[in-house]
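In: this one's structure only:
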C-alpha cells in the first residue's frame, strides 16, 4: 500500500479509531491500529506471530484487529460497494458483452469456502464436504472480477443454490430492490426483449434472472459455445 493510500484510509477511519487516554496508560494510536490490522489482513499471520513482529501482546492485537474491522466495514461499505442504479447495471452488461460476447449479463455469481478455525462449541456445524472448517462467501462480480455484492456467513456443506436462495442478495432480487434495468433486445435478434441475468454454474437453479449452463448430458456444438462464453 502506498503512503498516499494509507493516509487516505487513515483519514477516513481515524474518528472511529481514536480513543481517550487515561492516567494509567496511553491509547494505541490510530496509525498503529491500522498498521496492525492491515498487516494481519495482508499476511494472514497468527496473532502470536504478529506479537513478535510488532511487539504488542497477543490479546491486544486481537482486540485491535476486531475493533478496527468493525470500524472499516460501516465506514467503507458504501464507498467500495455502493448501491447500483439501472444505468450502472447497463454499464456492467456492456463490459460483459465486450469481454465475453455475452449480452444482457450483469453479474457472475458463485460461492467460495473460506477456511476458518473451528469455532468453539460448534461441533460439525462449520465442517464442509471438502473436509475442513469454513464459512461461505457468496459473491457477485462484474466483468473485471470486481466484487459488486457479497453475502458472508453461511456454513457447512450446504449447496450453493440453497445458500443463495436464503441470502440477502436473493431476497433483494425477489423484492425487486436491486434496480435492475428493464428487459432489452439481444443484439442481432428479432425476438422479444430478454431480461438481464446473472451467470452461475450448474449447481444454481435456473430463474428469470439467473442463467446456468445446459446439462452436461445434452451438449451439442452450440451449447458448448454457450458454456464457453459463460
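Out: Cool, the structure landed. Because the structure is a prediction, the values reported are computed rather than measured. Numbering: from 1, shown residues only.

In: and the top helix by length along the chain, average pLDDT?
Out: Of all segments of type helix in the chain, defined using DSSP state H, the longest is helix 58-80. For helix 58-80, the mean pLDDT works out to 88.

In: pretty sure residue 100 is touching residue 145, no?
Out: No. With contacts counted by CB atoms under 8 Å, residue 100 stays clear of residue 145, the gap being 11.9 Å. To be clear about C-beta, it is placed using only N, CA and C from the backbone, and glycine gets the same treatment.

In: higher neighbour count, these two?
Out: Taking other CB atoms under 10 Å, residue 100 and residue 145 do not tie; residue 100 has more neighbours (15 against 7).

In: distance check, the most centrally placed residue in the chain against residue 168.
Out: The residue lying closest to the centre of the chain (CA atoms, centre = their mean) is residue 150, at 3.5 Å. For residue 150, the distance to residue 168 equals 10 Å [CB to CB, to the nearest Å].

In: residues in contact with the closest residue to residue 14 other than its chain neighbours?
Out: Excluding its sequence neighbours, the residue lying closest to residue 14 (CB to CB, 6 or more residues apart in numbering) is residue 30, at 4.9 Å. By CB atoms under 8 Å, 6 or more residues apart in numbering, residue 30 lies in contact with 10, 13, 14, 17, 18.

In: what about the residue nearest to the centre of the chain, distance to residue 19?
Out: 29 Å.

In: ditto for residue 43
Out: From residue 43 over to residue 19 (counting by CB to CB), the distance is 25 Å.

In: was I right about residue 150 contacting residue 81?
Out: Yes. If you go by CB under 8 Å, residue 150 and residue 81 touch, sitting 7.3 Å apart.

In: returning to what we had before: dump the contacts of residue 30 to TSV, plus neighbour count, pLDDT and secondary structure.
Out: Converted to TSV, these look like this (neighbours: other CB atoms under 10 Å; pLDDT from 0 to 100; DSSP: H, G, I helix; E, B strand; the rest coil):
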residue	neighbour count	pLDDT	secondary structure
10	15	91	helix
13	19	90	helix
14	15	88	helix
17	21	87	helix
18	11	85	coil
